[in-house]
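A.B. asks: Next comes the sequence, and after it the predicted model I'd like to discuss.
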Amino acid sequence: MWFRFSVAAAAMGLMVLWFGQREGGAVPYFARQYKTHCTTCHVIPPKLNQFGEDFLARGYRFPGEPSREKTWPFAVWATWRGVRQANQDRGRGLPNRVEIISGGPVGRTRAFYFLEWLPVSQQVGSDGRRVERHGRFEDIFVSLPVGSTYLTVGQFRPLAQVDVSRRLSISTPLAFSAGLAGKPALSSRLTGLRSFSLAGRSPAVRLSHQWTRGRRRADGWYNSVTMPFAGELVIPLTRRVNRERGFEFELRPKGALIESYYRHGLSSFGGHAFLGAERRLFGLVGSYNRGPFFSTAAVGFGRERTGQKDTRISWETEFIPRPWLALGLRVDDRTGSDRPPALIPHVNLEYPLTSYIVRITAEHRQQRGNRQWLLELGVVF
């Protein structure tokens, strides 16, 4: 069964590659706009290099504001994902998402925006069934700078030091994805939306300050307070999604995330604390870069409403010898779990990094009682 699954995945990869070659004239938004290549801002997409970090810190502006080409103000990221659990006789694959991505300055002001909208969004659930979420927003926010202070309003992930949306692996590191349960609500969906995790998207307001240090725009001390709310901003595109995962918003905040970290180049170190009603999360995060080696370690200490405490740990090392190749290995562990630590190797191949990108990502989870293979094929244009 696994052989047939692999053959089907390879065939899909060839189809995606053929599609990318046919659409070579359609390039990612910023590359089209500034007539450059993906490697200008990325070590390997979507992981940013130093120029990319500085570009982001300027509010999606190139230094000196060179002339820009008129183009469609968005990019498209389409993926197919295959999943195979070790205890299943066969794997399952499906078109995972079609994502519309846009961002940039707001007119001639210092404000900037970013959005990721998924007209197609579906995945394989833990029970092997298809879960549809067509029309959801990954991110949609506007940030208004006033001096070195920023006010950000919209839907986004609360942790700023590490943006897990730019990870190279398919799954999210446990230290960022593990959540804290919220107060039970009348519906199971609202109960779920009341939970909090560092990587969980939710409507939020953030007030942050950057104390710039050094010649690089992204370097310096960052301090912020983020107030996430229970809810989800979505434009449901089917009756099923509207019924099960439509727009939801609860005015009362989940709590407050206080974050402070220092960034120097592609390395950073900091801490955070989430203070909510009867629940707490304290953590430390460090990332280090030297040449083609990148490493990130995170530890979190959580206390649930029930009084139960646990520790979440993730450590990941990546080797990126070329802009088209990345090899990674991650260890995830959580105290109180009946499972041993998970060992998660992954590999990324990307081509040709010029006017479009074709991505192939493979990941394996080695853990007693939870062995899994993931394969994702995508094209960005």
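C.D. replies: Done, it's in.

A.B. asks: Below-threshold pLDDT in the stretch 101-250 of the chain: ranges please.
C.D. replies: 126-128 (pLDDT under 70).

A.B. asks: so Gly302 sits right up against Leu281, yeah?
C.D. replies: Yes. Assessed by Cβ atoms under 8 Å, Gly302 is found in contact with Leu281 at 4.8 Å. Backbone N, C-alpha and C define where each C-beta goes, glycine included.

A.B. asks: joint contacts of the two?
C.D. replies: Shared contacts of Gly302 and Leu281, defined by Cβ atoms under 8 Å, 6 or more residues apart in numbering, comprise Leu180.

A.B. asks: start to end distance for stretch 30-43?
C.D. replies: 16 Å (Cα to Cα, to the nearest Å).

A.B. asks: Buried residues of that stretch, list them for me.
C.D. replies: Buried positions in stretch 30-43, judged by neighbour count with 16 or more other Cβ atoms under 10 Å: 30-34, 36-39, 41-43.

A.B. asks: ditto for stretch 227-245
C.D. replies: Within stretch 227-245, the residues that count as buried by 16+ other Cβ under 10 Å are 227-234, 236-237, 241, 245.

A.B. asks: Rebuild those as JSON lines, extending it with secondary structure.
C.D. replies: Below are the buried residues of stretch 227-245 laid out as JSON lines (DSSP: H, G, I helix; E, B strand; the rest coil):
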{"residue": "Met227", "secondary structure": "strand"}
{"residue": "Pro228", "secondary structure": "strand"}
{"residue": "Phe229", "secondary structure": "strand"}
{"residue": "Ala230", "secondary structure": "strand"}
{"residue": "Gly231", "secondary structure": "strand"}
{"residue": "Glu232", "secondary structure": "strand"}
{"residue": "Leu233", "secondary structure": "coil"}
{"residue": "Val234", "secondary structure": "strand"}
{"residue": "Pro236", "secondary structure": "coil"}
{"residue": "Leu237", "secondary structure": "coil"}
{"residue": "Val241", "secondary structure": "helix"}
{"residue": "Arg245", "secondary structure": "helix"}
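
A.B. asks: of all those residues, which two lie farthest apart?
C.D. replies: Farthest-apart pair in the buried residues of stretch 227-245 is Met227 and Leu237; separation 29.2 Å (Cβ to Cβ).

A.B. asks: ok, Glu138 touching Leu118?
C.D. replies: Yes. If you go by Cβ under 8 Å, Glu138 and Leu118 touch, sitting 6.5 Å apart.

A.B. asks: The two: which is more packed in?
C.D. replies: Just comparing Glu138 and Leu118: by other Cβ atoms under 10 Å the higher neighbour count belongs to Leu118, 22 against 19.

A.B. asks: How is the more buried one assigned, secondary-structure-wise?
C.D. replies: Counting by three-state DSSP, the backbone at Leu118 sits in strand.

A.B. asks: so Glu278 touches Lys254, yeah?
C.D. replies: No. Contact criterion Cβ under 8 Å: Glu278 and Lys254 do not qualify, at 11.5 Å.

A.B. asks: between the two, which one's more packed in?
C.D. replies: In this view Glu278 and Lys254 are compared by other Cβ under 10 Å, and Lys254 has more residues nearby, 26 against 13.

A.B. asks: Next one: that one from Val124, what distance?
C.D. replies: For Lys254, the distance to Val124 (Cβ to Cβ, to the nearest Å) stands at 28 Å.

A.B. asks: can you pull the buried residues of the host helix or strand of Pro345?
C.D. replies: Element membership for Pro345 (DSSP states H and E) is strand 342-352. By 16+ other Cβ under 10 Å, the buried positions in strand 342-352 come out as 342, 344, 346, 348, 350, 352.

A.B. asks: Now do the contacts for Ala57.
C.D. replies: 210, 217-218.

A.B. asks: Surely Arg189 is within a helix?
C.D. replies: Yes. Counting by three-state DSSP, Arg189 is found in a helix.

A.B. asks: Surely Arg339 and Gln366 touch.
C.D. replies: No. Using Cβ under 8 Å as the test, Arg339 is too far from Gln366 to be in contact (11.4 Å).

A.B. asks: circling back: list residues touching both of Glu138 and Leu118?
C.D. replies: Glu99.

A.B. asks: In three-state terms, label Thr39 for me.
C.D. replies: helix.

A.B. asks: Could you tell me how far it is located from Pro352?
C.D. replies: On the measure of Cβ to Cβ, Thr39 and Pro352 end up 10 Å apart.
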